[in-house]
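> Quick one, fold the following:
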Amino acid sequence: MKPQPWKTLQSRGVYKNPWMSLREDVAEMPDRRTTIYGVVTFGECVGVVPFIDTDHVMLVRQYRYVQGENHRWEIPTGGVDEGETLEQAAQRELAEEAGYNAGRLIHLSSYYTSKCICDETAHIYMGENLTVTVALPDETEFLEKRVFPFETALRMSLGGKIMDSMSVLGLLLAARRLGK
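Below is the predicted model of the structure:
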């Protein structure tokens, strides 16, 4: 038998900023008991595995405040702005972070970044036929960019040198699509 849905009895906003919101719900479970459930909403985000050519990808790195790290490489990623299509957001993030536009975006996957407390859906693309554009990062982004052999980036994702889910999953799915 399929699990039964829960019913939201109350919801109250706890915190909100331009990038996320936090709310606390009182939910009724199928057995009629209630529980408190915290939900963090981020919305949608995109990531692009940018292929400079058939054997090389552009990765970026920046200081990641939450992890306190500045040494991990990742694919260009970011949020989807209101009114943007997923493809427009992917192109914007690719331009802002890597300095490229993609002549072709190939959708690799969409997934929930966390199935329990976060309301965020990630969409990963592979970018091909890149052309150079002016890179204008967000005001909070201080980026380093580097071209890597795709096989090196793939090994980095498998060996724990790349750890964010969008980058790991994007590189693995790109390898699968390319038959590697």
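
> in the helix or strand harbouring Asn101, what counts as buried?
In this assignment (DSSP states H and E), Asn101 forms part of strand 100-112. By neighbour count on 16 or more other Cβ atoms under 10 Å, the buried set for strand 100-112 is 100-102, 105-106, 108. Backbone N, C-alpha and C define where each C-beta goes, glycine included.

> in the sheet, who's paired with Val39?
Per DSSP bridges, the residues bridged to Val39 are Arg23.

> My understanding was that it contacts Asp119; is that so?
Yes - counting by Cβ atoms under 8 Å, Asp119 is a contact partner of Val39 at 6.0 Å.

> quick revisit: for the buried residues of strand 100-112, which one is nearest Val14?
Nearest to Val14 among those: Leu108, at 34.2 Å, using Cβ to Cβ.

> what separates the closest one from Leu143, distance-wise?
22 Å (Cβ to Cβ, to the nearest Å).

> Could you do Arg61 as well?
Here Arg61 is placed at a distance of 7 Å from Leu143 (Cβ to Cβ).

> quick revisit: the strand holding Asn101: partners in the sheet, and parallel or antiparallel?
Strand 100-112 has these strand partners (DSSP bridges): strand 118-132 (antiparallel).

> helices and strands around the helix or strand following the partner strand, which ones?
Counting by DSSP H and E, the element after strand 118-132 in chain order, helix or strand, is strand 144-149. Under the contact definition 3 or more Cβ pairs under 8 Å, 6 or more residues apart in numbering; DSSP states H and E, strand 144-149 sits against strand 56-61.

> quick one: which of the buried residues of strand 100-112 is nearest Glu87?
Leu105 (5.6 Å).

> pretty sure the closest one is touching Asn129, no?
No - taking contacts as Cβ under 8 Å, Leu105 lies outside contact range of Asn129: 9.7 Å.

> before we move on, back to that, which one among the buried residues of strand 100-112 gets closest to Glu28?
Using Cβ to Cβ, the buried residues of strand 100-112 come closest to Glu28 at Leu108, 37.8 Å.
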